[in-house]
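S.K.: what shape does this take:
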Amino acid sequence: MHFTQFFGVSSYAAATDFRIRYLNNAFQVVYERQFSRNSNWKYHAGLLYMTTASQSLRTGPTMYISEINRRNSYAEEAGVVAGLEYSRPIDTHFRLGLRARGYYLISVTTLEMLTITPTLTYSF
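M.R.: Numbers count the residues shown, from 1 in each chain. So this is what the prediction gives:
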């Protein structure tokens, strides 16, 4: 980040080449199982650990730059994962499917995200 402070009749602060970011790092342990031996459906259940790192920049008469992360603000959450997956065989070894999961953060009692992911599975 380059920071410049101008002084004079109309003094102001300027920040250039500043990358504002918001990152969620999610780590999960998930158990998955088919409903029955010949079923195309699977269910998923597991645990979630998430850390957040975010930066913000506010300008005006004064410039305010802040960063929130795991070290300085204890920005970490814990939760549960649940989902369903449907897949069909497209070959003798490959299955093509669609997985939907919900991520619920217990520590802040909120639904964090819903994901829908295409899957391709290879079986030996």
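S.K.: helices of the chain, start to end?
M.R.: 70-73 (DSSP state H).
S.K.: any low-confidence regions in it?
M.R.: 1-19, 60-61, 63 (pLDDT under 70).
S.K.: go with 80
M.R.: Applying pLDDT under 80 to the chain flags residues 1-21, 56-66, 69-70, 74.
S.K.: select the longest strand from this structure.
M.R.: If you go by DSSP state E, the chain has its longest strand at strand 41-58.
S.K.: from the contact counts, what lies against that strand?
M.R.: Judged by 3 or more Cβ pairs under 8 Å, 6 or more residues apart in numbering; DSSP states H and E, strand 41-58 is in contact with strand 22-34, strand 64-68, helix 70-73, strand 76-89, strand 94-105. Every residue, glycine included, has its C-beta placed from N, CA and C.
S.K.: again, only using 10 Å
M.R.: Here strand 41-58 touches strand 22-34, strand 64-68, helix 70-73, strand 76-89, strand 94-105, strand 110-122, going by 3 or more Cβ pairs under 10 Å, 6 or more residues apart in numbering; DSSP states H and E.
S.K.: pairing partners for it, with directions?
M.R.: Partners of strand 41-58 in the sheet, by DSSP bridges, are strand 22-34 (antiparallel), strand 64-68 (antiparallel), strand 76-89 (antiparallel).
S.K.: can you list the helices and strands packed on strand 41-58 in JSON lines and add mean neighbour count and distance to residue 40?
M.R.: Output for these, formatted as JSON lines (neighbours: other Cβ atoms under 10 Å; distance: least, Cβ to Cβ, whole Å):
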{"stretch": "strand 22-34", "mean neighbour count": "12", "distance to residue 40": "8"}
{"stretch": "strand 64-68", "mean neighbour count": "12", "distance to residue 40": "43"}
{"stretch": "helix 70-73", "mean neighbour count": "11", "distance to residue 40": "40"}
{"stretch": "strand 76-89", "mean neighbour count": "16", "distance to residue 40": "6"}
{"stretch": "strand 94-105", "mean neighbour count": "16", "distance to residue 40": "8"}
{"stretch": "strand 110-122", "mean neighbour count": "11", "distance to residue 40": "11"}
